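Novice: Using only what follows, build the 3D model:
(one chain, ligands or ions: 2)
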Amino acid sequence: MRPLIAVLVGLFTCQIAIFLTTVFLHRTLSHKAITMSPGMRFVCRLLTWMSTGIRPREWVGVHRRHHAYTDIQGDPHSPVLEGYWKVQLANVALYRRTAADGVTVERYAKDLAPDRWDKALFDRSLVGLALGIGLVFLVFWGNWEMTLIVIGVHTVSYLLLNSAVNAVGHASGKRPYTGLATNNQWLAWLTGGEGLHSNHHAAPTSARLSFATREIDPGWWLIALSRRLRWLEVRHTAPRLARGATREPQAA
Ligand SMILES: [Zn+2]
Ligand SMILES: [Zn+2]
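Specialist: Residues are numbered from 1 along each chain as shown. Ligands and ions are numbered 1, 2, ... in the order given. Next comes the predicted model:
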């Protein structure tokens, strides 16, 4: 029974990290589809640091490069170029290779130059992760076995789901818009809406990733609630298609 609880807690903390990734790293920082209040932005920075260890400007740099070179030479993690399984299973290695190339972050994340909080805290990924692990350890009253299960489930599921957005999201599913990106509602349920990836590539500045009634974007629920609480503003409510993006005529 107790290991099952640890597995469920690991899946829950993974979903917290997934929502931070889609709402904060992706929709807010990378595409500026959302403007957060300073308080919410700081909480998101803190929780991203403790739950993923990701440096936001690196994630943003790699991601903007993906949009600049989608599925052509220069894309950091295209299944068309690298093969599906390499992206699905080795996405972290591809991410690290691009984030550390000395060019991508400097060119694509100029607006996120390190501030005093980054220098003091948030650039120290291992410190953030140690704090996150310490928090889980405290919640489980110093039980290392439970802590390790939570951390293991959290880490594996987070990495596999993020990889799936890059791998499945450019390999299989519906393609309502031009390009190879796809919509998969099952993946959207697991990734806070990111599975609606064809929609996202067609309208990257849209805070909402669901465009049709049968599409569901769980990340939008959090955004809509936060908006009602005046913690954030969205750039525009109706999706605006990027230049060159058109709806494919054969799609329903
Ligand atoms: Zn993509
Ligand atoms: Zn994007």
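Novice: Now do the helices for this structure: every range, in order, please.
Specialist: 2-19, 38-52, 56-68, 79-82, 84-99, 104-108, 116-117, 125-139, 144-167, 185-190, 197-202, 218-228 (DSSP state H).
Novice: low-confidence ranges in this structure?
Specialist: Scanning the chain for pLDDT under 70 picks out the ranges 1, 249-252.
Novice: Apply 90 and report the result again.
Specialist: 1-3, 141-142, 237-252 (pLDDT under 90).
Novice: who touches the closest residue to His63 other than its chain neighbours in this structure?
Specialist: The spatially closest residue to His63, leaving aside those adjacent along the chain, is Ser30, at 4.8 Å (C-beta to C-beta, 6 or more residues apart in numbering). (Glycine included, C-beta is placed from N, CA and C.) Residues near Ser30 by C-beta atoms under 8 Å, 6 or more residues apart in numbering: Trp59, Val60, His63, Arg64.
Novice: give me the number of residues near the nearest residue to Phe24 once chain neighbours are set aside?
Specialist: Nearest residue to Phe24, sequence neighbours excluded (C-beta to C-beta, 6+ apart): Cys44, at 4.0 Å. For Cys44, the tally of surrounding residues (other C-beta atoms under 10 Å) stands at 20.
Novice: try Thr70
Specialist: There are 16 residues near Thr70, going by other C-beta under 10 Å.
Novice: tell me the contacts of it?
Specialist: Ser78, His170, Gly179, Leu180, Ala181, His201.
Novice: cool, Ala202 as well?
Specialist: Pro176, Tyr177, Thr178, Gly179, Ala181, Pro239, Leu241, Ala242, Ala245, Arg247.
Novice: quick one: which of those residues is nearest Glu106?
Specialist: Nearest to Glu106, judged by C-beta to C-beta, of the contacts of Ala202 is Ala242 at 24.2 Å.
Novice: pretty sure that closest one is touching Ser206, no?
Specialist: No: between Ala242 and Ser206 there is no contact under C-beta atoms under 8 Å: 9.6 Å.
Novice: ok so, going back, tell me which of the helices of the chain lies nearest to Ala212.
Specialist: Comparing the helices of the chain under C-beta to C-beta, the one sitting nearest is helix 197-202, at 8.6 Å.
Novice: Dump the closest one to PDB, keeping only the CA atoms.
Specialist: Extracted in PDB, the C-alpha atoms of helix 197-202 (Å, rounded to 0.1, in the frame of the first residue of the first chain):
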ATOM      1  CA  HIS A 197       1.200  20.300 -30.900                       C
ATOM      2  CA  SER A 198       0.000  20.900 -34.400                       C
ATOM      3  CA  ASN A 199      -2.300  23.700 -33.000                       C
ATOM      4  CA  HIS A 200       0.700  25.100 -31.100                       C
ATOM      5  CA  HIS A 201       3.000  25.300 -34.200                       C
ATOM      6  CA  ALA A 202       0.200  26.900 -36.200                       C
END
